[in-house]
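Participant: dropping the sequence and predicted coords here.
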Amino acid sequence: MADQRWLPYYGDIPATIPYPDITLYEGLTRTAAEHADHVAVEFLDGRVTYGRLEELVNSAARGLWALGVRPGDRLALLIPNMPHAAVLLYAANRLGVAMSLFHAEAGSRAVSAHLTDFDPTWMAVSDEHVGGVLRLLSAHSVRGLVVCTYRDFGRHAAVKRMQRMRRRSNVDLGGIRGASGRNGSSGETGREAPPVFAWTSFMQLGAHLDLPAHREVHDPDRLAVVLYTGGTTGAPVGVMHTDRQLNAVALQTQVQGPLLAGQGLLSLVPLSHGYGIAVAVHAAVSAAALSIIVPHFTSRELARLVRRRQPEYLVGVPETYIGLVFDRVFRLTRHRARMGAFCGGDRLAKSVRERFELIVRRRGGAIGIREGYGLTETVTACATMPDSDSRPGTVGIPYPDTLIGIAEPACSADERRGDPAWLADGELGEILVSGPTVMQGYWRREDLTRRAFHVGTDGRTWLRTGDLGRMDADGFLSIVERIPDQPAVPGTRIHPGLAEVALNEHVEVLEACVTARVDGSAVVLTAHVAPVDTDRDPRWLEQHLRDALESLDEEQRPVWYRFHTRLPRTLGGVIDRRRLRRERTGCRDRRGETWAPT
């Protein structure tokens, strides 16, 4: 695996990057010292410069210290995309406190599971979540809450405008919002509720306290954040990352643009994900760029924001771009300022890529959507499409200092000893990743950590991703499916992902996925398709899709086709395959008629 055949496609991107021996907090102070007057964050028409951001971080660190938070403690956040996340990330890092972010739209069961697993000592929650959180805390040891509001950073008029948009568009906020328990109790047990501090009061605590020297309580090799996996193929698991992994992915992302000081970055990914916190916050800070943070949005509001703010970079998931390309405001917006658009989280259909590129070209721009591949275990992306060569059906080439290879899946501990069983170009196997962004391990799950890592005879550590894919002779990576998505039938090698890749390259498909159902000794594949034109006759479309898959072996082709207006997605923006599997198999058109497969 010493052969990095993808290097000729790097262009101006360096093959290796010098990573500074600093913590997250030290990175912020460096940027603030050099770019104090540059705007760091924009949120609901409110702006915070890097100089002011450093002041807020230090105030928050003193506030945490005054509350009794000490090195080794744990801070959890349950807020939508808000600047508080950036402030508390660096404040916790200043004190040597590990932080975890929970998805703001997670339900009571998911939040309770996160609380049990991460066991935070303090929490920061939005004012819309505080009641629901208090009802859960009777079974947990959280010492207190800091309550964050939109008005802490946003301007009054913009906050009211956003709230009207939510009501008018019936934005489904989900989550555990609600009023607190009566008489100051927490939940049904009557346990005394922990103290609750408003953000403005919290920021004034400890104003005259002296904090210990930063390097006495933290260093780049200590735990910085615990990010939870999306749980698409199992229960969410905490992933541990140090400052070094976050610094590495920030710099690797920065050189992809390149993202420069003062440029605008609009990310629509939840900050609870590595993709969000590493790109929208830390990569922006490392580059002294402007991060535009949006708590809630519709496609129309997002298009208006792009037209008004003209950010150089867009970062989103497939659902983000699907909404934009069909929005009239976005189609009429000038795109000369656009320098990059990145997409991750799931497959992006060819029809969406081409529509986006056509819109941008017609309105003065010259960029396409660059897809990537990554997972929480590598913080975020570890591969992306190069500017110099866009290859349909692939997710691009590895990041600088990152090695990716294809090997036989390892089912036992013996198979994880010695060198991986590498496969030839074009062969289908498990994707292995090695590089500076690979996780430290799973939070409190040594068993999973041991299974995830493979140490070669040369001492190099490889992460077994659990994803099946292939790599071509030039090093371009294609993703087929998750190994757990394979049907468990002895003697068969059915790969639903092969048909899924082909369907997403069809011009009539907006989004598609293929699920498998075991029927005795046979495997039945069902294609779930959202067409670009919902007025198309589904029988006509089905036949065209079947014709497009003729090159696949018969057992790899779907038996059933089911058409949807849109496919359901998880909180992470990934197609919800579990939900689709639970639906009754069959083909149904818009009139509710069902017919057998041909």
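Facilitator: Yep, that arrived. None of the values given here were measured: they were computed from a predicted structure. Numbering: from 1, shown residues only.

Participant: can we go C-alpha only for contacts and neighbour counts from here?
Facilitator: Fine.

Participant: any low-confidence regions in the stretch 301-450 of the chain?
Facilitator: Residue ranges of the stretch 301-450 of the chain with pLDDT under 70: 411-416.

Participant: where along the stretch 101-250 of the chain do the strands fall?
Facilitator: Counting by DSSP state E, counting those that start in this stretch, one finds strands in the stretch 101-250 of the chain at the ranges 122-126, 144-148, 185-186, 191-192, 196-198, 223-228, 238-242.

Participant: in CSV: these, plus mean neighbour count.
Facilitator: Formatted as CSV, those follow (neighbours: other CA atoms under 10 Å):
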stretch, mean neighbour count
strand 122-126, 24
strand 144-148, 23
strand 185-186, 20
strand 191-192, 14
strand 196-198, 16
strand 223-228, 25
strand 238-242, 25
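
Participant: which residues touch stretch 277-294?
Facilitator: 24, 27-28, 31, 35, 38-44, 50, 81-83, 86, 246-247, 249-251, 253-254, 259-268, 270-271, 379-380 (CA atoms under 8 Å, 6 or more residues apart in numbering).

Participant: weakest of the strands of the stretch 101-250 of the chain in terms of mean pLDDT?
Facilitator: When the strands of the stretch 101-250 of the chain are compared by mean pLDDT, strand 185-186 comes last with a mean of 54.

Participant: re the thing from before, okay if I get the strands of the stretch 101-250 of the chain as JSON lines plus distance to Ile479?
Facilitator: As requested, these are arranged in JSON lines below (distance: least, CA to CA, whole Å):
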{"stretch": "strand 122-126", "distance to Ile479": "36"}
{"stretch": "strand 144-148", "distance to Ile479": "39"}
{"stretch": "strand 185-186", "distance to Ile479": "46"}
{"stretch": "strand 191-192", "distance to Ile479": "49"}
{"stretch": "strand 196-198", "distance to Ile479": "46"}
{"stretch": "strand 223-228", "distance to Ile479": "22"}
{"stretch": "strand 238-242", "distance to Ile479": "22"}
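
Participant: out of these, nearest to Ile13?
Facilitator: strand 238-242 (24.8 Å; CA to CA).

Participant: paired strands for the closest one, with orientation please.
Facilitator: Counting by DSSP bridges, the strands paired with strand 238-242 are strand 223-228 (antiparallel), strand 441-442 (antiparallel).

Participant: mind checking those strands for the one nearest to Glu554?
Facilitator: Of the strands paired with strand 238-242, nearest to Glu554 by CA to CA is strand 223-228, at 38.0 Å.

Participant: show me the shaky parts of the stretch 451-598 of the chain.
Facilitator: In the stretch 451-598 of the chain, residues with pLDDT under 70: 489-491, 584-598.

Participant: domain map for this protein?
Facilitator: The chain is divided into the following domains under automatic domain parsing: 20-297, 395-482, 492-595.

Participant: quick one: which of those is nearest Ser351?
Facilitator: domain 492-595 (5.1 Å).

Participant: now that closest one: how far from the chain's centre is it?
Facilitator: Once both centres are worked out by CA atoms, centre = their mean, to the nearest Å, domain 492-595 turns out to sit 25 Å from its chain's centre.

Participant: can you give me how far the helix ranked longest in the chain is from the chain middle?
Facilitator: The single longest helix within the chain, with elements called by DSSP state H, is helix 50-66. With CA atoms, centre = their mean as the basis, helix 50-66 stands 27 Å off its chain's centre.
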